[in-house]
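> Sequence and predicted structure below; questions after.
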Amino acid sequence: MSRIGLKPVVLPAGVEVKVDDNNLVTVKGPNGELQEQLSGLINIEVKDQEVLVTRSSDDKEHREQHGLGRTLIANMVEGVSKGFEKKLEMQGVGYKAEKKGDTLVLSLGFSHPVEWKDPEGITTEVPSATQIVVKGIDKAHVGNYAANIRGLRKPEPYKGKGIRYEGEQIRRKEGKAGVKGGE
């Protein structure tokens, strides 16, 4: 039984949800509008500032779609009302970030700076030279863009250099054992 799917999604003030016959969910709020095509195996209804997700049977696939559908709707509601953000930090000599218009310029020890233009619906901020904040209303796009930035220089386990999520713990390894000379 999906415990998550049973909880109603409470709509904050200013957020409006519409569901058409094909389970196309449209959520409008102060930060923008999101659409998601959900499975036809679940039923979605909007009542009294709440969204209820139900399923018709206890088949495995219906149970899977029940919890997933409710979570996707909850993420869309949170995105259009509050928004999502991921914070990245950079560690390493010479690693720095700067913002030029809508382009993120990263110096990561390559022979050239890496320039990334912000995709549609996502903004990046650089509060300091070693911090990057990725913001947007779609949780999946924000997480994916942050992961792509992190993938340019993943943190390495010996010195800890690289781009990491804020608060991420990197498992450190011991370096090469010292070799005794002259024996």
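Here it is on my side, so go on.
> could you point out which element follows the top helix by length along the chain?
Determined from DSSP state H, the single longest helix within the chain is helix 60-81. On the C-terminal side of helix 60-81, the closest following helix or strand by DSSP states H and E is strand 84-91.
> What are the contacting residues of that following strand?
78, 96-97, 108, 130-139, 142-143, 146, 149-150, 153, 155, 160-166 (Cβ atoms under 8 Å, 6 or more residues apart in numbering). Where you see a C-beta, it was placed from the backbone N, CA and C, and this is true even at glycine.
> Strands along this protein, start to end?
9-10, 16-19, 24-29, 32-37, 42-47, 50-55, 84-91, 96-100, 103-107, 114-117, 122-125, 131-136, 162-165 (DSSP state E).
> closest to residue 63 out of the ones you listed?
strand 50-55 (6.9 Å; Cβ to Cβ).
> neighbouring strands for the closest one, and are they parallel or not?
Strand 50-55 pairs in its sheet with strand 9-10 (antiparallel), strand 42-47 (antiparallel), by DSSP bridges.
> Nearest approach to residue 73 belongs to which of the ones you listed?
Ranked by Cβ to Cβ, the member of those that lies closest to residue 73 is strand 9-10, at 5.3 Å.
> Residues touching the closest one, excluding its own?
49, 50, 51, 52, 53, 70, 73, 74, 77.
> Which PyMOL command selects the buried ones in the residues you listed?
For the buried members of the contacts of strand 9-10, the matching PyMOL selection, counting by 16 or more other Cβ atoms under 10 Å, is:
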select buried, resi 51+52+53+70+73+74+77
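> Kindly reformat the contacts of strand 9-10 as JSON lines containing pLDDT and distance to residue 115.
Below are the contacts of strand 9-10 laid out as JSON lines (pLDDT from 0 to 100; distance: Cβ to Cβ, whole Å):
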{"residue": "49", "pLDDT": "90", "distance to residue 115": "44"}
{"residue": "50", "pLDDT": "93", "distance to residue 115": "45"}
{"residue": "51", "pLDDT": "93", "distance to residue 115": "41"}
{"residue": "52", "pLDDT": "92", "distance to residue 115": "46"}
{"residue": "53", "pLDDT": "92", "distance to residue 115": "42"}
{"residue": "70", "pLDDT": "93", "distance to residue 115": "39"}
{"residue": "73", "pLDDT": "95", "distance to residue 115": "36"}
{"residue": "74", "pLDDT": "95", "distance to residue 115": "35"}
{"residue": "77", "pLDDT": "95", "distance to residue 115": "34"}
